[in-house]
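Chemist: have a look at this prediction, sequence included:
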Amino acid sequence: MLKIIFNNLGEYKKYAVLSPFFVLLEVLTNTSIPFYMTKIIDQGILKNSSENIIHFGIILFICAAISLATGIISGYLATKASSGLAKNMRYSMFENITNFSFENMDKFKRGTLITRMTTDVQMVQMAFQMTTRMAIRSPLTMFFCFIMSFKLSKELAPTFIIIIPLIAIGMGIIIKGAYPIFERVFEITDKLNTDVSENLSAIRVVKSFVKEDKEIKKFNNVSDDLQNNYIKAEKLLAFTNPLMNFSTYLMTILIAWLGSHFIVAGNMSTGALTGLVTYAIQIQISLMTLSMIIVQITIARNSIVRINEVIATKPSIFSPENAVSEVKNGEIVFDDVYFSYSGDLKKSVLENINLKINSGDYVGIIGPTGSGKSTLISLIARLFDTTSGEVYVGGKNVRDYDLVALRDQVSVVLQKNQLFTGTLRENLKWANENLSDEELKEALYIASCDDFIDPEKDLDMVVQRGGTNFSGGQKQRISIARSILKNPKILIMDDSTSALDNNTEEKIINSLNNLRPDMTKILISQKIKSLKNTDYTIVMDSGEIENIGTHENLIKNSKIYKEINETQESDGDFDAQ
């Protein structure tokens with residue numbers, strides 16, 4: 001717990017160290033004030049000495065001024081340290097998340113990652129700020145109050161000690177009961193955020209199926225569960241303040257009762273009793289503050305564990321030492337490849353894949369849903385590692401490449417592509433920040449984007465969140481343009497022309513062939529007409545390669561290809577012959 005905090009403090013360690021120092025100065029001066037108030041009463045007011053009143057009054061003013069100044073400084077330093085810790089934690093998590101493989105992302109859902117980077121970090125920030133200031137201030141205040149009370153009355157000072165066991169036992173019971181409930185609260189919060197995120201992303205689907213009531217009911221069930229667990233936790237925490245009040249009031253009553261007897265007996269002055277009561281009040285305030293801090297730390301402890309799970313998770317796919325930094329060409333080789341998402345070869349998604357694609361080939365991939373098409377191409381960019389067998393790109397094993405170097409040269413255009421809030425220019429420059437406007441325009445023309453925008457004028461047009469101001473086909477073409485701008489040696493289009501008409505699709509492919517004949521192009525499609533002009537097409541079935549060949553050869557030799565062709569012919573999709 002402390003290790004992750006220390007590691008993420010970074011350049012803010014000095015603020016975390018200096019803050020307690022100024023807290024100490026604040027406490028020393030603050031706890032001196034009741035002592036000098038005693039002097040004013042006993043040696044000034046009761047003796048009718050204006051000189052002593054002025055003398056001790058000046059000392060009181062100086063103590064109050066120092067306490068105020070050091071309090072402000074310690075508060076600033078604590079805020080600086082805690083906000084810096086939060087910033088570094090968010091950065092550490094986000095940096096690690098961006099390096100996560102798909103396997104890692106399957107472990108952490110989007111909702112829980114959002115919760116951990118926001119709510120959990122805020123909890124830790126609040127707890128750390130309170131710890132570096134108030135959690136240090138409260139024990140120090142109680143300690144020095146106890147010391148100063150001994151100076152005033154050695155007989156009554158031990159009265160302060162009687163409340164410690166009572167508070168320790170009570171707080172121990174409360175924390176032991178509250179901790180597992182807060183664990184459950186965070187789990188439900190993750191689920192709530194995941195559900196909200198999922199519903200907002202799929203709001204059009206929800207509306208199209210008229211499932212608003214169902215989703216509202218589902219949300220309310222989770223929300224009610226969250227509320228009920230919060231109530232359980234708060235029922236326990238509600239005992240904190242009454243426990244503190246009872247303990248400190250008991251202490252104050254004892255001091256007042258015993259002190260009055262000492263005054264009557266002539267063994268204590270009125271000023272000393274006033275000072276002891278003041279110290280009792282300061283201890284009460286410190287105990288109240290400490291109880292709140294303990295509760296906050298209890299909550300933050302859960303948060304730190306959850307944050308550490310993200311930071312400590314090592315990406316399952318990473319660059320090796322002395323990694324290859326250059327992809328020479330677009331040649332692709334699959335050597336006896338098997339792949340299973342679970343790692344169990346008995347549940348393989350791909351089996352016995354042996355395949356060679358020469359650099360510059362234009363290759364089609366077709367097959368039924370679930371046949372392993374998308375999984376196959378994900379191994380090329382090393383989005384997943386093979387369970388068995390090897391994949392080679394440019395003559396080198398993909399495991400030997402630097403991941404950035406490999407993925408820079410393997411560009412994948414998905415069917416559902418993500419456009420980001422900003423301008424068209426900013427979206428295109430995801431490929432390369434240093435691209436000129438002329439290069440951006442050329443890519444837009446190649447991807448046939450000039451059908452719906454003017455590349456000469458519209459580079460600064462606004463792209464709304466998720467590209468909602470573009471149709472599906474328009475987003476696909478912009479995504480193709482963005483991938484072209486990477487200038488990759490391998491371009492993979494995973495059903496990314498599904499929303500395009502045949503003429504537009506053919507126009508884009510012809511432009512790519514003319515511009516980059518050395519670029520390996522792989523097109524996954526369910527439309528046979530889209531694949532007729534490829535050099536050859538790979539037919540997938542149940543995770544295996546069923547056949548490879550040209551359109552004419554596959555019509556004769558592939559049962560699956562022939563069936564798909566006949567189905568599309570009967571639907572009037574095209575005349576295959």
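Modeler: Sure, I can see it.
Chemist: can you map out the strands along the stretch 401-550 of the chain?
Modeler: Here the stretch 401-550 of the chain has its strands, by DSSP state E, counting those that start in this stretch, at 410-414, 422-423, 462-463, 490-494, 520-524, 536-541, 544-549.
Chemist: the fifth one pairs with which strands?
Modeler: So that's strand 520-524. Sheet pairing for strand 520-524, assigned by DSSP bridges, gives strand 362-366 (parallel), strand 490-494 (parallel).
Chemist: any idea of the mean pLDDT for the first one?
Modeler: It refers to strand 362-366. Here strand 362-366 scores 94 as its mean pLDDT.
Chemist: now do that strand: distance to the chain's middle.
Modeler: Distance of strand 362-366 from its chain centroid, counting by CA atoms, centre = their mean, to the nearest Å, is 38 Å.
Chemist: tilt between it and strand 544-549?
Modeler: 140 degrees (axes from the mean of the first three to the mean of the last three CA atoms, to 10 degrees).
Chemist: return strand 362-366 as PDB; C-alpha atoms alone will do.
Modeler: C-alpha atoms of strand 362-366 as PDB (Å, rounded to 0.1, in the frame of the first residue of the first chain):
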ATOM      1  CA  TYR A 362      -3.700  -8.500 -53.000                       C
ATOM      2  CA  VAL A 363      -5.400 -11.200 -51.000                       C
ATOM      3  CA  GLY A 364      -9.100 -11.800 -50.100                       C
ATOM      4  CA  ILE A 365     -10.400 -13.700 -47.100                       C
ATOM      5  CA  ILE A 366     -13.900 -15.100 -46.900                       C
END
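Chemist: so it versus strand 536-541, what angle?
Modeler: Angle of strand 362-366 versus strand 536-541, following the same axes, to 10 degrees, is 20 degrees.
Chemist: now render the strands of the stretch 401-550 of the chain as CSV, adding mean neighbour count, mean pLDDT and distance to Lys176.
Modeler: From N, CA and C alone the C-beta is placed, and that goes for glycine too. Below are the strands of the stretch 401-550 of the chain laid out as CSV (neighbours: other CB atoms under 10 Å; pLDDT from 0 to 100; distance: least, CB to CB, whole Å):
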stretch, mean neighbour count, mean pLDDT, distance to Lys176
strand 410-414, 22, 87, 49
strand 422-423, 15, 91, 50
strand 462-463, 15, 92, 52
strand 490-494, 25, 91, 52
strand 520-524, 25, 93, 56
strand 536-541, 22, 95, 56
strand 544-549, 18, 95, 56
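Chemist: closest to Lys151 out of those?
Modeler: Closest to Lys151 of the strands of the stretch 401-550 of the chain, according to CB to CB: strand 422-423, at 67.0 Å.
Chemist: neighbouring contacts of the closest one?
Modeler: Residues outside strand 422-423 that contact it (CB atoms under 8 Å, 6 or more residues apart in numbering) are 459-463.
Chemist: need these in JSON lines with distance to Phe452, can you?
Modeler: As requested, the contacts of strand 422-423 are exported to JSON lines (distance: CB to CB, whole Å):
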{"residue": "Leu459", "distance to Phe452": "14"}
{"residue": "Asp460", "distance to Phe452": "16"}
{"residue": "Met461", "distance to Phe452": "11"}
{"residue": "Val462", "distance to Phe452": "15"}
{"residue": "Val463", "distance to Phe452": "13"}
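Chemist: nearest to Phe102, of these?
Modeler: Val463 (25.8 Å).
Chemist: for that closest one, what are its contacts?
Modeler: Applying CB under 8 Å, 6+ apart, we find Val463 in contact with 419-424, 426-427, 469-470.
Chemist: nearest to Met148, of those?
Modeler: Nearest member of the contacts of Val463 to Met148, counting by CB to CB, is Thr421, at 59.8 Å.
Chemist: can you give me the strands for the stretch 201-350 of the chain?
Modeler: With DSSP E, counting those that start in this stretch as the criterion, the stretch 201-350 of the chain has strands at 332-339, 350-357.
Chemist: give the rounded mean pLDDT of the first one.
Modeler: Same thing as strand 332-339. Strand 332-339 comes out at a mean pLDDT of 96.
Chemist: how distant is it from the center of its chain?
Modeler: On the basis of CA atoms, centre = their mean, strand 332-339 sits 34 Å off its chain's mean C-alpha point.
Chemist: and that strand, what does it pack against?
Modeler: strand 350-357, strand 388-393 (3 or more CB pairs under 8 Å, 6 or more residues apart in numbering; DSSP states H and E).
Chemist: any chance of the strands of the stretch 201-350 of the chain in CSV, plus distance to Met126?
Modeler: Shown next, in CSV, are the strands of the stretch 201-350 of the chain (distance: least, CB to CB, whole Å):
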stretch, distance to Met126
strand 332-339, 45
strand 350-357, 48
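Chemist: most tightly packed of those?
Modeler: strand 332-339 (a mean of 19; mean count of other CB atoms under 10 Å).
Chemist: give the buried residues for stretch 250-264.
Modeler: The neighbour-count check on stretch 250-264 (16 or more other CB atoms under 10 Å) flags 251-252, 254-255, 258-259, 262 as buried.
Chemist: closest one of the residues you listed to Gly372?
Modeler: Nearest to Gly372 out of the buried residues of stretch 250-264 is Met251 (CB to CB; 73.4 Å).
Chemist: now Ala256: closest residue in space that isn't a chain neighbour?
Modeler: Nearest residue to Ala256 in three dimensions, chain neighbours excluded: Val277, at 6.7 Å (CB to CB, 6 or more residues apart in numbering).
Chemist: which of the strands of the stretch 401-550 of the chain sits closest to Leu243?
Modeler: Ranking the strands of the stretch 401-550 of the chain by proximity to Leu243 (CB to CB) places strand 422-423 first, at 54.1 Å.
Chemist: what pairs with that closest one, parallel or antiparallel?
Modeler: Strand 422-423 pairs in its sheet with strand 462-463 (antiparallel), by DSSP bridges.
Chemist: domain map for the protein?
Modeler: 2-312, 332-570 (automatic domain parsing).
Chemist: tell me how far the first one lies from the chain's centre.
Modeler: Using CA atoms, centre = their mean, the distance from the centre of domain 2-312 to the centre of the chain it belongs to is 25 Å.
Chemist: tell me how far the ends of it are from each other?
Modeler: For domain 2-312, the first-to-last residue distance is 14 Å (CA to CA, to the nearest Å).
Chemist: what's the answer for the last one, then?
Modeler: Distance between the boundary residues of domain 332-570 (CA to CA) amounts to 36 Å.
Chemist: bridging residues for Gly364?
Modeler: Leu523, Thr537.
Chemist: so Ile528 is in contact with Ile555, correct?
Modeler: No: taking contacts as CB atoms under 8 Å, Ile528 lies outside contact range of Ile555: 9.3 Å.
Chemist: more crowded one of those two?
Modeler: More crowded of Ile528 and Ile555, by other CB atoms under 10 Å: Ile528, with 24 against 16.
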